[in-house]
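Trainee: quick one: sequence and predicted model below, then my questions.
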Amino acid sequence: MSRSATVVGAVKPKLDRPREKGTAVVNWLVRWFPLAILAITWEAAPRLGLVNPASLPPLSVVVAALGRLAMGGDLLANGLKSLFRLVCGLGLAILAGVPLGLTMAWFRPVRAVFGPLVRCLYPMPKSALIPVLLLWLGLGDLSKITLIFLGCLLPVLISTTNGVRGVEPAMIWSARSLGRSRLAALFGVALPAAMPDVLAGIRSALAMSFVLLVSSEYLMSRDGLGYLISFLGDGGAYDGMFAAVLVVSILGFAADRAFNAVSRRALAWRET
């Protein structure tokens, strides 16, 4: 009896593999089905006269323009410039926001000093800073990096603060009772427990960074993807303009998927 059960247990995974594979295919189709519908609608609507092709070229025309921009080198040069600004601004926001959020959550005097300032600045539209930064820092990289940094800092800081403050006090007390110092309890217990909130804040900041990047380059730049969108739109090359918009969308989607994969790996310990 035990031998037959062992044999059945050994064969069962092999029998389940086709079913698991079929489920994975169905999940993949369901996940990408809305994008396929969007692509079909984008291609069909201008060709059927539902929208003006001059204002919304078909997707195939936009893809052809994307190929021309890529072959001409404009897309690569402006894309690299934009990615440099985004990585610098977002990276600085993470490097500053996480430690400051930990400090605000752990030390009441720091929270009392910075808390009102954060609450005042958070609702303010960060794009309103564009004229100020243009006046102070000019058209160079520094103005864009500063805008992205300021816009991404607060989501990271607030998520980190709320995440650490939301940790169960019993976990901290247990660590302290075992001889851990207050600082060791912060980094060894509170920070890992708050990591889902920290990563959620960084993900929100990642989405915000693309918005601020394109906005700043559109209004105060001579290069970058935002500038390319503005330049092509002003020149009436709407197929190229939509191609640049499509590139920004693809980059944002790819960055979000990559960060989501990294987050799942970082939080894999919660599923064990």
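Mentor: Perfect, I can see it now.
Trainee: quick one, helices of this protein?
Mentor: 2-47, 59-72, 74-106, 108-121, 130-137, 141-165, 169-177, 182-185, 191-219, 225-234, 238-266 (DSSP state H).
Trainee: which of these sits most buried?
Mentor: Of the helices of the chain, the one with the most neighbours on average (mean count of other Cβ atoms under 10 Å) is helix 141-165, at a mean of 23. For glycine as for every other residue, the C-beta is placed from the backbone atoms N, C-alpha and C.
Trainee: turn the helices of the chain into CSV, including distance to residue 53 and mean pLDDT.
Mentor: Below are these laid out as CSV (distance: least, Cβ to Cβ, whole Å; pLDDT from 0 to 100):
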stretch, distance to residue 53, mean pLDDT
helix 2-47, 4, 69
helix 59-72, 8, 94
helix 74-106, 23, 95
helix 108-121, 44, 89
helix 130-137, 33, 89
helix 141-165, 33, 94
helix 169-177, 60, 84
helix 182-185, 63, 82
helix 191-219, 24, 94
helix 225-234, 16, 94
helix 238-266, 9, 94
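Trainee: please report how far the nearest residue in space to residue 239 that is not next to it in sequence lies from residue 36.
Mentor: In space, residue 239 comes closest to residue 65 once its chain neighbours are excluded; the distance is 3.9 Å by Cβ to Cβ, 6 or more residues apart in numbering. Per Cβ to Cβ, to the nearest Å, residue 65 is found 21 Å from residue 36.
Trainee: residue 157 contacts residue 100, doesn't it?
Mentor: Yes. Using Cβ atoms under 8 Å, residue 157 is in contact with residue 100, at 5.5 Å.
Trainee: rewinding a little: would you agree the residue nearest to residue 239 is in contact with residue 240?
Mentor: Yes. Counting by Cβ under 8 Å, residue 65 touches residue 240, with 4.6 Å between them.
Trainee: before we move on, the earlier item: contacts only, for the residue nearest to residue 239.
Mentor: Going by Cβ atoms under 8 Å, 6 or more residues apart in numbering, residue 65 touches 57, 237, 239-240, 242-243.
Trainee: 10 Å instead?
Mentor: Residue 65 makes contact with 57, 232, 237-244, 246, according to Cβ atoms under 10 Å, 6 or more residues apart in numbering.
Trainee: widest-spaced pair of those?
Mentor: 237 and 246 (13.8 Å; Cβ to Cβ).
Trainee: ok, the closest residue to residue 83 other than its chain neighbours to residue 90 distance?
Mentor: Nearest non-adjacent residue to residue 83, counting by Cβ to Cβ, 6+ apart: residue 251, 7.6 Å away. Relative to residue 90, residue 251 is positioned 13 Å away (Cβ to Cβ).
Trainee: sorry, back to before: shared neighbours, residue 65 and residue 240?
Mentor: 57, 232.
Trainee: before we move on, back to that, any residues in contact with both of residue 251 and residue 90?
Mentor: 210, 213.
Trainee: so what's the residue nearest to residue 83 up against?
Mentor: Residue 251 touches 79, 82-83, 86, 210, 213, 225, counting by Cβ under 10 Å, 6+ apart.
Trainee: check these and tell me the two furthest apart.
Mentor: 79 and 210 (12.4 Å).
Trainee: can you list residues touching both of the two?
Mentor: Shared contacts of residue 79 and residue 210 (Cβ under 10 Å, 6+ apart): 225, 248, 251.
Trainee: spatially nearest residue to the first one (excluding sequence neighbours)?
Mentor: Closest residue to residue 225 in three dimensions, ignoring its sequence neighbours and counting by Cβ to Cβ, 6+ apart: residue 82, at 4.5 Å.
Trainee: give me the common contacts of residue 157 and residue 100.
Mentor: The overlap between the contact sets of residue 157 and residue 100 (Cβ under 10 Å, 6+ apart) consists of 114, 118.
Trainee: out of the contacts of residue 65, who's nearest residue 164?
Mentor: Closest approach between the contacts of residue 65 and residue 164, by Cβ to Cβ: residue 246, at 39.2 Å.
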